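In: Here is my input, please return the structure:
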Amino acid sequence: MIAPRRRWRSTIRVRLTLLYAGAFFLAGAVLVALIYLFLRQILNHQTGPAGGLQHLTPDVEGALRAQLQRERDATLNTMLVASLIMLGVVGVVASGFGWLLAGRALHPLQQITATARRVADRSLHERIALDGPDDEIKDLANTLDSMLERLDRAFDSQHRFVANASHELRTPLTINRTLIEVALAAPHANESMRQLGATLLAVNERHERLIDGLLILASSEQRITEPTPVDIADIARHVTTESRDAARSAGVDVQTRLGPAPVDGDPVLLERLAQNLVDNAIRYNRPEHGWVMVGTDVIDGSIHLTVENTGPPIQPYDVPGLFEPFRRLPTTERIADSANASIGRGAGLGLSIVRSVARAHGGGVHAWPRDDGGLTVLVWMPAVASREGGA
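Out: Down below sits the predicted model:
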């Protein structure tokens, strides 16, 4: 996606500099005005009636007073012009010092902002730990550190809960599956028992997929801490190859248009993202003559993974709900059950996992309905520079 052009913004540093410069010019203008008035009063007093001019004739006295008046006016004008020029020069220099002082005063805030961005992009383990005087900015930094500490503990508690819950939930399901398979393998199992066992295995498998889907959804809510170089095109090629048998059984033609799309991310989560998109595109398609198009490319510094399919008509206002957990269109029927379906299949978690994985990689997902039915899903993430020897 094309990144919006960043507009100039009025930062605090700019506003502080402007306020400082404005206050300086205002104070300087008041000072110049007071000096001008004071000097004018002094010159008026010096050129006023004086006994030293009384012995002169009226014409000579008038000419001399006119000369003194002109010199007084010239002196005042020269002083005023010189004062204004010096005020301007000193004001510009003072504005520069104001810019430097504002930057120095706001440096702790810049440190706080940089740390907050790193924490948001990586993990919650880093702290600001601001050094300096015990002032309002340090109080702000300490408050943010306390908040990050509580958030870190909360996320750690969530991860421990998810891990423990997954273990506790998987164990009985695994035991149930084993017991059912043993019962079905018994020689005395009749046909009705086998049908019941097959139904119980299907229910048990759906519960296992639901739990695994919830775990992936929970694990993909945070940014990737240890990314690995991977090409989305290779993942999409592998997923489409694995899904061709299911697509063939459903009468769906899978087409690809794969260009290099290198990213730094988690290969397992990225494969799950692509698998969910392809599985959904195959399952929710036309009963006959359906197709799926999978494409990858790099556009404006972002990799694009596009999955487009034919299918039933979808209203634009229904599309945002597809990315919510456990939300599916009530009128949409599946035409295929992929043998390689994602672990979120059938539980309404497929596109929720896609959105979470895309966000965890610093990207996003956008979808829109096709005019003649079906859906187009676009996933974008920040691309990395192509490496030598890469695809």
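In: how about the strands in this structure?
Out: Secondary structure of the chain by DSSP state E: the strands cover 228-231, 252-258, 262-265, 290-299, 302-309, 364-369, 375-382.
In: how about those strands in a markdown table, adding mean pLDDT and mean neighbour count?
Out: C-beta: built from backbone N, CA, C; applies to glycine. Shown next, in a markdown table, are the strands of the chain (pLDDT from 0 to 100; neighbours: other C-beta atoms under 10 Å):
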| stretch | mean pLDDT | mean neighbour count |
| --- | --- | --- |
| strand 228-231 | 92 | 16 |
| strand 252-258 | 95 | 17 |
| strand 262-265 | 92 | 22 |
| strand 290-299 | 95 | 20 |
| strand 302-309 | 96 | 22 |
| strand 364-369 | 94 | 16 |
| strand 375-382 | 95 | 21 |
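In: Including distance to residue 318, could those strands go into CSV?
Out: Listed next are the strands of the chain as CSV, based on distance: least, C-beta to C-beta, whole Å:
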stretch, distance to residue 318
strand 228-231, 32
strand 252-258, 22
strand 262-265, 29
strand 290-299, 20
strand 302-309, 16
strand 364-369, 8
strand 375-382, 10
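In: Of all those, which one is nearest residue 27?
Out: Closest of those to residue 27 is strand 375-382, at 49.5 Å (criterion: C-beta to C-beta).
In: re the thing from before, which one of the strands of the chain lies closest to residue 107?
Out: Closest to residue 107 of the strands of the chain is strand 375-382 (C-beta to C-beta; 28.6 Å).
In: Can you tell me the strand partners of that closest one and which way each runs?
Out: strand 302-309 (antiparallel), strand 364-369 (antiparallel) (DSSP bridges).
In: Now tell me what touches that strand from outside.
Out: For strand 375-382, the surrounding residues in contact (C-beta atoms under 8 Å, 6 or more residues apart in numbering) are 1, 232, 263, 265, 273, 277, 281, 284, 301-309, 311, 314, 319, 351, 354, 358, 361-370.
In: got the angle for it vs strand 290-299?
Out: 20 degrees (axes from the mean of the first three to the mean of the last three C-alpha atoms, to 10 degrees).
In: Dump strand 375-382 to CSV, restricted to CA.
Out: The C-alpha trace of strand 375-382 is given here as CSV (Å, rounded to 0.1, in the frame of the first residue of the first chain):
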residue,chain,number,x,y,z
LEU,A,375,-13.9,-12.0,-2.3
THR,A,376,-10.5,-10.4,-2.8
VAL,A,377,-8.2,-10.4,0.3
LEU,A,378,-5.1,-8.3,0.3
VAL,A,379,-2.4,-8.8,3.0
TRP,A,380,0.4,-6.3,3.1
MET,A,381,3.6,-6.2,5.2
PRO,A,382,6.8,-4.2,5.2
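In: for the lowest-mean-pLDDT helix or strand in the chain, the distance to its chain's centre please.
Out: Across the helices and strands of the chain, mean pLDDT, DSSP states H and E gives its lowest value to helix 191-219, namely a mean of 79. Helix 191-219 sits 37 Å away from the centroid of its parent chain (C-alpha atoms, centre = their mean, to the nearest Å).
In: Once you drop chain neighbours, what's closest to residue 125?
Out: Nearest residue to residue 125 in three dimensions, chain neighbours excluded: residue 152, at 6.3 Å (C-beta to C-beta, 6 or more residues apart in numbering).
In: The one you found contacts residue 127, correct?
Out: No: between residue 152 and residue 127 there is no contact under C-beta atoms under 8 Å: 9.2 Å.
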